[in-house]
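**Q** sharing a model that was predicted from the sequence below.
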Amino acid sequence: MHRSSVSAPDLHDAPVQALGGQPRLIARLALIGSLYLAQAIPMGFVFGAMPVVLRQQGASLRQIGLLFLLHLPWVLKLFYAARLESLRPGPLGRRKSWIAPMQWLAALALACAARLDPVAGFAGIFLLLLAYNLAMATGDIAVDGYATDILKPEELRWGAALQASGRFVGMMLGGGLLLTLYVRLGWGPVCALLAVVTLALSLPVLLTPEIPPVCAAQERPQGEDVCGLADVLRLPKVRWAMPVLILPTAFLFSGFQMRLPLMSDLGLGSAVMGGVLMQWAYPAGLCCTFAAGWFLRRCGSLVLMRVLCAVGLVLTAASAWLALGGRASPVQAAWLLACDNALLGAANVWGYTLIMRLCQGGRSGTGVAILGSLFILPPIVLGPFVGGLGDRVGFAALYGVLGLFMVVGWRLAEALHAAARRKGLALLSGPGPAQERAGHS
């Protein structure tokens, strides 16, 4: 492969060859969708509904705050992803032997949590939910690798769209519908229902023969067999691509994290915000994930990055303006939160499409786990500092600072992309499927 022809680099420089035996695209996407949905619905309940449930049961804010530690397995998987992928495949296949058993363990943890009281047994529930997240995060290494394996380069944007849309479906079903069922049924039945749903969603992957990869590395050059975190980060393509991924999005995601507390400070109650999120924000985010997949094909990832940055700056300015006014109407909240979630969905599609393209090859699960974790790590680390700054200076000044850093990040990403192109690496693709395939020819 000549580097000058690369538009979206792979994790390996080896050429790839197409393999046969592929089901139709709709069948592969349905299978991938079921895997991401199995993760999203329980996660939507844990992070969307459980804070409400615990608070209504008299739990302290400290206990509720501990729930966010359950994100840790999803970040820490980058340290053991390579070890998992290097293990000998089990009887179900290289990917299925991890995906299905991890879903069964997750369902078992939920079933055990159903037998405990959410407040009196909080410590036990927390440990069980930590086990649940550890199982699903471990299975996610294989899920992301499987999705990357069975989609062609020009189809990867739909895999990224399914991954991003799963969050919104999970919040609507897990954070909305199951919260309603909790009021009627209580903690135990809802947890048992989640366990049954998790088990049921393991059936599609269990009953479908493992699909062979679309592309297989023919022969990697000596020294290119990526084995772990350090090996991935040493690759020149990754060293160029990760700053381009992180710089335009880190402060955009930080602004998103502060938007709901801002709405609360502007006088919107929980009932109003819940209605806005369920009726407008989450559906807008869901729709925009698939619109972003279409946009990527038509306009390319470079143009989409510019649109994301421009819209992010408009939302940041709108947030600062509302903060200065001291109040927000439900209509204003609906517009702002709908655009906010639409932006989040599109940004995740943009980021994970590039990550999946970078990682196609023999160790795709390792690559996606490592780069995906690094992609979401900056806003998690920045969260406490951004919140502390907001406490000191107020929301209007906070969004002014975030807007400044977003502009700097955008300009640096553009500069890095231009510098990479001069070295023969076009990290962000132009419009059209030909550009999407160029890096894999």
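**A** Structure received. Numbers count the residues shown, from 1 in each chain.
**Q** and the closest residue to Gly394 other than its chain neighbours, how many neighbours does it have?
**A** Leaving aside its sequence neighbours, Gly394 sits nearest to Ala323 (Cβ to Cβ, 6 or more residues apart in numbering; 6.8 Å). Bear in mind the C-beta positions are built from the backbone N, C-alpha and C, glycine included. Residues lying near Ala323 (other Cβ atoms under 10 Å) number 22.
**Q** please report how far Ala323 lies from Val408.
**A** As judged by Cβ to Cβ, to the nearest Å, Ala323 and Val408 stand 21 Å apart.
**Q** Leu286 and Ala342: what is the separation?
**A** Leu286 is 9 Å from Ala342, where distance means Cβ to Cβ.
**Q** er, Leu277 I mean
**A** 13 Å.
**Q** one more: Phe168?
**A** Relative to Ala342, and taking Cβ to Cβ, Phe168 is found at 10 Å.
**Q** which of these two has more neighbours?
**A** Using other Cβ under 10 Å as the criterion, Phe168 and Ala342 rank with Phe168 on top: 26 against 23.
**Q** helix or strand for that one, which one?
**A** Using DSSP states H and E, Phe168 sits within helix 156-172.
**Q** find me the pLDDT at Gln332, would you?
**A** The model reports Gln332 with a pLDDT of 92.
**Q** let me see the contact set for it.
**A** By Cβ atoms under 8 Å, 6 or more residues apart in numbering, the contact set of Gln332 is Leu322.
**Q** OK, contacts around Arg115?
**A** Counting by Cβ under 8 Å, 6+ apart, Arg115 makes contact with Gly188.
**Q** tell me the SS of it?
**A** Three-state call for Arg115 (DSSP: H, G, I helix; E, B strand; the rest coil): coil.
**Q** relative to helix 156-172, how tilted is the helix or strand containing Arg392?
**A** Element membership for Arg392 (DSSP H and E) is helix 364-393. Helix 364-393 runs at 50 degrees relative to helix 156-172, counting by axes from the mean of the first three to the mean of the last three Cα atoms, to 10 degrees.
**Q** show me what helix 364-393 is packed up against.
**A** Where contact means 3 or more Cβ pairs under 8 Å, 6 or more residues apart in numbering; DSSP states H and E, helix 364-393 is packed against helix 72-76, helix 81-86, helix 122-150, helix 229-234, helix 236-246, helix 250-265, helix 330-359, helix 395-422.
**Q** 6 Å instead, please
**A** Judged by 3 or more Cβ pairs under 6 Å, 6 or more residues apart in numbering; DSSP states H and E, helix 364-393 is in contact with helix 81-86, helix 122-150, helix 250-265, helix 330-359.
**Q** give me the buried positions along the shortest one.
**A** For helix 81-86, the buried set under the neighbour-count rule, 16 or more other Cβ atoms under 10 Å, comprises Ala81, Ala82, Leu84, Glu85.
**Q** isn't the second one right next to Thr366, touching?
**A** Yes. Because the distance of 4.5 Å satisfies Cβ atoms under 6 Å, Ala82 is recorded as touching Thr366.
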